[in-house]
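> dropping a prediction and its sequence here:
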Amino acid sequence: MNETAAPNAPGLSIVVPVYRGATTIGALVAALSELHPAGGLEVILVNDGSPDNSGEVCRALQKTATVPLTYIEHARNFGEHNAVMTGLRHARGSYVITMDDDLQNPPEEVIKLYDHARLGGWDVVYTRYAKKEHEGWRNLGSRFANMVADHLLDKPKGLYLSSFRCMSALAVGEVTKYRGPYPYVDGLLMQVTQRLDSIEVKHLPRAEGRSNYTLKRLVLLWLNLATNFSVLPLRLAILAGVAMGVFGLLGAVLVFIEALMGETPSGWASMMTVTLLLAGVQFLILGVLGEYVGRAFLSANGKPQGVVREVLGPKDAAQQAAPPPGEPARMRAVS
C-alpha cells in the first residue's frame, strides 16, 4: 500500500485475519456489507493457515459478497500480526480498519471508528471497552501487555492498544515497509506517528467457540513487544549484572573479615542458596541476550514474515496483485 490511497480506491479498507473463523466470518462479512462509509468499502480476508474450513467459506464469500472482497491465503500459520501485515499490503483505502473475525467487535462500530479518524485527522485511532467480554486470564494478560507497552514503546501513557483500530494510508504505508519475521503492528505504529487517539466502543460476548489466543500466544506477543522495539531488557540485564557484582563484592569482604577474625564461614546451605540465586539471574540474562541474538540470526537468515499461497481479488477489481519476478505465480514470501 502506498502512503496515499490509490486512484479509484475506496475510502475504507477492512482487514480481517481469519483463524478458526468458519462459523463467524460469513455473518461478519454480511454485516459489513450493510455499511455505507464515505468513499466506499472493501473487505480483505487473510486466512492465516486455519485448520478448519475457513478457506472454503472465504472463497465462497469472495464469489458472492456484495462488496469488493479480497481473499488471501497464507501457506501456514504465521501469527495474527503477520496476517494483518499481509492484509495491509493489499489494502487500497484512504483508511484501514483491522478487526477480529469473532464478532466481538460490532460491525456497526466501524463507521463510528472510521469517521472519528477521518474527520479528526488522526493517523491512528484505537478502541477501548467499558467492559471486555474476554476470559479473566486474557483480560489480565491484555492489561499486563499494555502496562509493559507504556514503558517500552513511545506511546501516550494509558493509551489502550487493541486489535480493533483504524489507520490512515500514511501510517499503513510506513508500517508495511517493515519486512522482518516478527512484526508487532502497534510497536511499528508508535514509530511512525504520534497523532493517536482512542474512542470507546461496545464489546460483545464471543459468538462461537473459545478465543484463539492461548497463554503461549500471549507470551510470544510479549516477547515481540519486549525484544523488537526496545533495548530496555538489555539495560535491565546490565543493571542486574551490576547489582550481582556489588552483592558478590560485599560477600567477599564479609568472608575476608570472618577469616581475619578466625570465625567459621557460613554453612553450605546459605552458600548454595546464594549460588543458585546468582546462577538463576545469570541464566535469565543469558536467555534475554540469546533471544536478541536468535531473532537477529533468523532475520538475517531470511525467515519470511509470511508466505502467500493464493490471492483472489474482488470481482470488479481492475488489477490483481502480481508476484515478483522469479517467484511462483501462486506462492510468494514476504521477507
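Nice, I can see it.

> my guess is Ser50 meets Val18, correct?
Yes: if you go by Cβ atoms under 8 Å, Ser50 and Val18 touch, sitting 5.9 Å apart. C-beta: built from backbone N, CA, C; applies to glycine.

> of those two, give the one with the bigger neighbour count.
A count of neighbours by other Cβ atoms under 10 Å puts Val18 above the other of Ser50 and Val18, at 28 against 24.

> ok, what's across the strand from the more buried one?
Asn47 (DSSP bridges).

> if I look at it, how far off is Leu204?
For Val18, the distance to Leu204 equals 18 Å [Cβ to Cβ, to the nearest Å].

> and Thr70, helix, strand or coil?
strand (DSSP: H, G, I helix; E, B strand; the rest coil).

> with adjacent residues omitted, what lies nearest to it?
Ile44 (4.7 Å; Cβ to Cβ, 6 or more residues apart in numbering).

> neighbouring contacts of the helix or strand in which that neighbour is found?
According to DSSP states H and E, Ile44 maps onto strand 41-47. The contact list for strand 41-47 (Cβ atoms under 8 Å, 6 or more residues apart in numbering) reads 10-19, 25, 29, 32, 35, 54-55, 58, 61-62, 65, 67-74, 83-84, 86-87, 90-93, 314.

> switch to 7 Å and redo it
10, 12-18, 25, 29, 32, 35, 54-55, 58, 65, 67-74, 83, 86-87, 90-93, 314 (Cβ atoms under 7 Å, 6 or more residues apart in numbering).

> how close does the residue nearest to Thr70 sit to Leu188?
If you measure Ile44 against Leu188 using Cβ to Cβ, the figure is 18 Å.

> over to stretch 178-196 now: how far is its first residue from its last?
Terminal residues of stretch 178-196 are spaced 20 Å apart (Cα to Cα, to the nearest Å).

> what are the buried residues along that stretch?
178, 180-190, 192-193, 196 (16 or more other Cβ atoms under 10 Å).

> now do stretch 238-258, average pLDDT.
Taken as a whole, stretch 238-258 has a mean pLDDT of 71.

> oops, could you answer that again for stretch 131-147 instead?
In this model, stretch 131-147 has a mean pLDDT of 63.
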